[in-house]
Structure formats: structure tokens, C-alpha cells
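Visitor: no sequence on hand, only this structure:
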């Protein structure tokens, strides 16, 4: 491979054997190098293949002014998350998380600590992603001597949620608030306290996460089970009424309308989560 562009002393871009552009990271790999030079393969530490051309350009722009160690640690965190989350992550994670971690390190150096108002919800609703955030801050604290708290673990977790659901950080904040609002509404209307260790509760929260995702992607279920929905309304009138109030809440607070089929599935989950073993 030959150098296509020198981004900085530690980062270059090139074309691989398939003529796909790759971003290559390595200590000193770009030092005194020029376009067209052969790449010193002994210096290669990481190779990033970002298929989307726009994302690749954004990634290169981000890397221009970021210390090599910050880039390496972020890459290690993403690699660890890919292995342990067992989900497909949008390649935008390389841009958003690299930028976030670099800025977070700068903030801490200035003595600025941010409180995460949604930390409790993140830990409850996105527990696996929170564990990835916890791994990230433990690694950063160990390698850089930073003192990040679990508030920062929560912020990092949201970037993994974004990469899973292909949403923006603002959407993810709104989705998390929506889930919490729905759970509070169900607790009040049904007069219950959730058993957060139960399988029914876990399934309900999972359903709400995917409902929020469908809402923000405009991919809501269509009304294809009208007769079954009527049957559920007659069989579980309290739960169905609660579901309709959830629909009203979503429309009022988030401007989204959900179908009768979505309401029906909410009623089924509410019935299950209210059951006592």
C-alpha cells in the first residue's frame, strides 16, 4: 500500500488491495511522509475500514488533532464492546466516541465534572451498554490517571446505544425519558410496584426500548390484528385503557402517534408485568 493522505504524524489514509480507503494509525507513521510514499508496515498499529465515504472523511477530520493515546484507547474500548455486546454497531461510533472521549479528557484536565441526570435510567434500561461505559472509564483511569466517575460511564453508554439503534444522542436522551415516563404512568394507573428482577419486567422494558426505537425511526407496527386487538380490549379492559393513556402521553410529549396494534401489545405486557408469581 502507498500513502494517499497524511493526516498527522500518527495517522494516514491509503487504499487497500480492494481499492477501499482505509485509515491507518501508528506511532510516527506519517512523520516526514508524503502522498505516494510506500507505507512502513512495521509501524501499523490499527487499520480502520469505514465503508461510508462521508463517515470516513469525518473520522479523518476528528483524528487530525487528537493525541495518539486517546485514539488507541477509544479503539480498544470499541473493540471490547463489539465482542461483548454481540450487536451490530454503526460505524459512526468511531467518530462520536473518539470525539467524546477526547473532549471528556480535556474537561477533566480543566476540573470540569458533569453530572448525568439519566444515570439511574441508563443503568436500568441499558445495563449492558452501561457495563461497556464502566469498562471504558476503568481503562481510561488506569492508563491516563484520570478520575472519571460512573456519570461518565453513563454518557459513554449512550454512545453505544446510539450506535446500536442508529439514533442521535438527543434522540437517545428523549427515548430514555420516554421509557421512564411510561413506567411511571403504568405504576400509578395500575397501582403496582415493579419487580425489577422479574422476567416480565425485563421483557416490558425491552418492548418499550424497541417501541421508542420504532417511533423515532417512523417504523411503527401497522393495524393488521384489529380483531385480536378488540379481543384484548374486552379481556383486559384496565390494561388496555392504561395503554391508550400511554399513547396519549407519547402524542402529547413527543408528538408521535402509535397504532392500535402497538396499544394492544402494550396492554399484553402491562397484564404480564402486573401478574404475581
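Guide: Arrived safely, thanks for sending. Bear in mind that the values here come from a model prediction, so they are computed numbers and not experimental data.

Visitor: so which residues make contact with stretch 236-246?
Guide: Contacting residues not belonging to stretch 236-246 are listed as 182, 185-186, 189-190, 232-233, 263-264, 266-268, 270-271, 274 [CB atoms under 8 Å, 6 or more residues apart in numbering]. The C-beta positions use only the backbone N, C-alpha and C, and glycine is treated the same way.

Visitor: of these, which is the nearest to residue 26?
Guide: residue 182 (48.1 Å; CB to CB).

Visitor: what's the burial count for that closest one?
Guide: Residue 182 is flanked by 23 other residues according to other CB atoms under 10 Å.

Visitor: ok, residue 118 next?
Guide: Other residues near residue 118 come to 19 when the count uses other CB under 10 Å.

Visitor: again, but for residue 30
Guide: Here the number of neighbours of residue 30 (other CB under 10 Å) works out to 24.

Visitor: so what's it up against?
Guide: Counting by CB under 8 Å, 6+ apart, residue 30 makes contact with 3, 6, 7, 8, 9, 10, 11, 12.

Visitor: ramachandran angles for the last one?
Guide: The phi and psi torsions at residue 12 (degrees, to the nearest 10) take the values phi -130, psi 170.

Visitor: lowest-pLDDT helix or strand in the protein?
Guide: helix 226-235 (a mean of 76; mean pLDDT, DSSP states H and E).

Visitor: now the strands for the stretch 151-277 of the chain?
Guide: Counting by DSSP state E, counting those that start in this stretch, the stretch 151-277 of the chain has no strands to list.

Visitor: run through it and note the low-pLDDT ranges.
Guide: The stretch 151-277 of the chain contains residues with pLDDT under 70 at 220-226, 228-229, 276-277.

Visitor: phi, psi for residue 48 please.
Guide: The phi/psi pair for residue 48 (degrees, to the nearest 10) is phi -110, psi 130.

Visitor: any idea of the pLDDT on it?
Guide: If you check residue 48, the pLDDT there is 89.

Visitor: who's in contact with the spatially most central residue of the chain?
Guide: Most central in the chain under CA atoms, centre = their mean is residue 161, positioned 1.5 Å from the mean C-alpha point. If a contact means CB under 8 Å, 6+ apart, then residue 161 has 126, 129, 167, 172 as its contacts.

Visitor: what of residue 147?
Guide: Each residue near residue 147 by CB under 8 Å, 6+ apart is listed here: 108, 141.

Visitor: what about residue 43, how many neighbours?
Guide: Residue 43: 17 surrounding residues under other CB under 10 Å.

Visitor: begin at 241 from now on, thanks
Guide: Let's use 241 as the start, then, which means that last one is residue 283.

Visitor: that one and residue 267 touch, don't they?
Guide: Yes: contact criterion CB atoms under 8 Å: residue 283 and residue 267 qualify, at 6.6 Å.

Visitor: pLDDT, distance to residue 448 and secondary structure added to the contacts of residue 270, as a markdown table?
Guide: Shown next, in a markdown table, are those (pLDDT from 0 to 100; distance: CB to CB, whole Å; DSSP: H, G, I helix; E, B strand; the rest coil):
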| residue | pLDDT | distance to residue 448 | secondary structure |
| --- | --- | --- | --- |
| 243 | 86 | 49 | strand |
| 246 | 91 | 48 | strand |
| 247 | 92 | 42 | strand |
| 248 | 90 | 44 | strand |
| 249 | 92 | 47 | coil |
| 250 | 92 | 43 | coil |
| 251 | 91 | 41 | strand |
| 252 | 90 | 45 | strand |
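
Visitor: filter the residues you listed to the buried ones?
Guide: Among the contacts of residue 270, those buried by neighbour count (16 or more other CB atoms under 10 Å) are 243, 246, 247, 248, 250, 251, 252.

Visitor: what about the second one, distance to residue 254?
Guide: Plainly put, residue 246 is 10 Å away from residue 254 if you go by CB to CB, to the nearest Å.

Visitor: circling back: name the nearest of the buried ones among the contacts of residue 270 relative to residue 301.
Guide: residue 247 (8.7 Å).

Visitor: can you pull the contacts of that closest one?
Guide: With contacts defined as CB under 8 Å, 6+ apart, residue 247 is in contact with 253, 263, 270, 300, 303, 304.

Visitor: again, but for residue 243
Guide: Here residue 243 is in contact with 252, 253, 254, 270, 273, 274, 275, 276, 277, 278, 279 (criterion: CB under 8 Å, 6+ apart).
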